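>>> whatever this is, show me its structure:
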Amino acid sequence: MSFNNLQLIEPVLEALRKEGYNDPTPIQQQAIPLILQKKDLLGCAQTGTGKTAAFTIPVMQLMQERRQIEKKQYHHLQTLILTPTRELAIQIGESLLAYGRYLPFRHQVIFGGVPQHSQVRAIRAGVDIIVATPGRLLDLMQQRIISLNEIQYFILDEADRMLDMGFVHDVKRIISKLPSERQTLFFSATMPPEIKQLASILLTNPAKVEVTPVSSTVEIINQSVYFVEKQNKLSLLIQLLKDERIETLLVFTQMKHAADKLARSLSREGIRTEAIHGNKSQNARQTALNNFKNRKTRVLVATDIAARGIDIDELTHVLNYELPNVPETYVHRIGRTGRAGASGTAISFCDWSEKVFLTDIQKLIKKTIPVVKGHPFDNSLLHSGPVQVITPANNSFRSAGKGKRSRAFSQKM
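Model (predicted):
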């Protein structure tokens, strides 16, 4: 199927051709027709499935059709896209700019952590779409700079992360100010009870789309784990980075201070590294992200919340320097590679204290992650039970699909 089969208008198709897009992803194939039928939508899709285009493209088309019927030439706020992080808001703004390049709409991205003057000036000049994080949106609503009275389309993106970050009360306050007559699109990578309850408040007889359940990992991602003591993780990472085939590497830590510490340590070794997390200024975060995308920086160390807005098609390598204590987070992390049909490699370091996290992850994804044996900092005593073993020569940061794995066997310690 191509985008030509989705009943899209010519200005949208032309923009997609300009971007080099021909074939929609599964969630785009399913969601776009339903949204164009003006149905509320409940979408469950993990990162990297193309859901941003799945809602921005049809919503802008509906806005254009409404504009032609109502013959309103002025700009007025019709669409609100609510998202948890600044990085993701910026990414959505970039998508609106790309897919709407031949449509007459203005959009504005608003978020906290920066002065509001330029955002307010753009809003007062007239906008059709606002992409916002909850805090700054509520601030501007309280200042009566933004009114939601005429919202026709409301999109809540990354709803599960919104709850993780403690935004649920802010989200409910915003919802209370929306018109009852509207089309609502609700996207979440996971569907715990709290999310289902919020969706029931927001949606009216929604169509449902589910693509790549969160318990699954992209098959083309080559996963492996190194057992290593905590104090040896840095040395092992430095050794792995001697492989020049690792052009860019996204590294995950749990805490902000750990991200900064690791970035400093790698920089002292002559490895171009920057960190990105919530304590960084918006300018610093965006500069670090741009440097990583442009390959001026080789390694980007990130916390989970900051990484939600990272969307890099050619990112081939992800490393869990610290395993997450929530198994679904592992799926989100490694989903940063292997995007758009490309191959990818996901490596994890595991010390004795993280063994329980690894067990939970393997239960969720329903597979045993191959263990790299025989590396200089190997501590296999951390692991017990069945393992699939690969040697350092065969593993590591080669492209997915390269290198032969040795046979799996059971090992009891």
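>>> got any ranges where the stretch 251-400 of the chain has weak pLDDT?
Along the stretch 251-400 of the chain, the parts satisfying pLDDT under 70 run over 278, 282, 305-313, 339-342, 380-400.
>>> buried residues, the helix or strand harbouring residue 292. List them.
According to DSSP states H and E, residue 292 maps onto helix 282-293. Residues 285, 286, 287, 288, 289, 292, 293 are the ones in helix 282-293 that count as buried (16 or more other CB atoms under 10 Å). (Each C-beta comes from the backbone N, C-alpha and C, glycine too.)
>>> out of those residues, which one sits closest to residue 67?
residue 286 (31.8 Å; CB to CB).
>>> quick revisit: now the two most distant members of the buried residues of helix 282-293.
285 and 293 (12.6 Å).
>>> returning to that earlier point: for the buried residues of helix 282-293, give me a markdown table that also has distance to residue 128.
What follows is those, written out as a markdown table (distance: CB to CB, whole Å):
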| residue | distance to residue 128 |
| --- | --- |
| 285 | 27 |
| 286 | 24 |
| 287 | 29 |
| 288 | 31 |
| 289 | 27 |
| 292 | 31 |
| 293 | 28 |
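>>> out of those, which comes closest to residue 326?
residue 285 (22.7 Å).
>>> skipping adjacent residues, who's closest to the closest one in space?
Nearest non-adjacent residue to residue 285, counting by CB to CB, 6 or more residues apart in numbering: residue 276, 5.2 Å away.
>>> what distance do you get for the one you found to residue 260?
Applying CB to CB, to the nearest Å, the value for residue 276 to residue 260 is 10 Å.
>>> and if you look at residue 69?
Distance, residue 69 to residue 260, using CB to CB: 53 Å.
>>> what's the pLDDT at residue 218?
Residue 218 carries a pLDDT value of 64.
>>> typo on my end, residue 143
96.
>>> OK, contacts around residue 333?
Counting by CB atoms under 8 Å, 6 or more residues apart in numbering, residue 333 makes contact with 252, 304, 307, 318, 320, 324, 346.
>>> among those residues, which are in strands?
The strands, defined by DSSP state E, take in 252, 318, 320, 346 from the contacts of residue 333.
>>> bridged to the second one, which residues?
For residue 318, the beta-bridge partners are residue 250, residue 346 (DSSP bridges).
>>> was I right to think residue 56 contacts residue 99?
Yes: using CB atoms under 8 Å, residue 56 makes contact with residue 99 at a distance of 5.6 Å.
>>> so where's the stretch 51-200 of the chain shaky on pLDDT?
Ranges of the stretch 51-200 of the chain meeting pLDDT under 70: none found.
>>> let me see the ranges of the strands in the stretch 151-300 of the chain.
153-156, 183-188, 207-211, 221-227, 249-252, 273-276, 299-302 (DSSP state E, counting those that start in this stretch).
>>> buried residues, the fourth one. List them.
The neighbour-count criterion (16+ other CB under 10 Å) identifies 221, 222, 223, 224, 225, 226, 227 as the buried residues of strand 221-227.
>>> pick out the most distant pair among the ones in strands among the contacts of residue 333.
252 and 346 (10.1 Å).
>>> what do these two both touch?
Residues touching both residue 252 and residue 346 (CB under 8 Å, 6+ apart): 318, 319, 320, 333.
>>> just to check, the second one is in contact with residue 246?
No: Residue 319 sits out of contact with residue 246 when judged by CB under 8 Å, with a separation of 9.4 Å.
>>> give me the distance from stretch 277-297 to the chain's centre.
When C-alpha coordinates are averaged (CA atoms, centre = their mean, to the nearest Å), stretch 277-297 and its chain have centres 16 Å apart.
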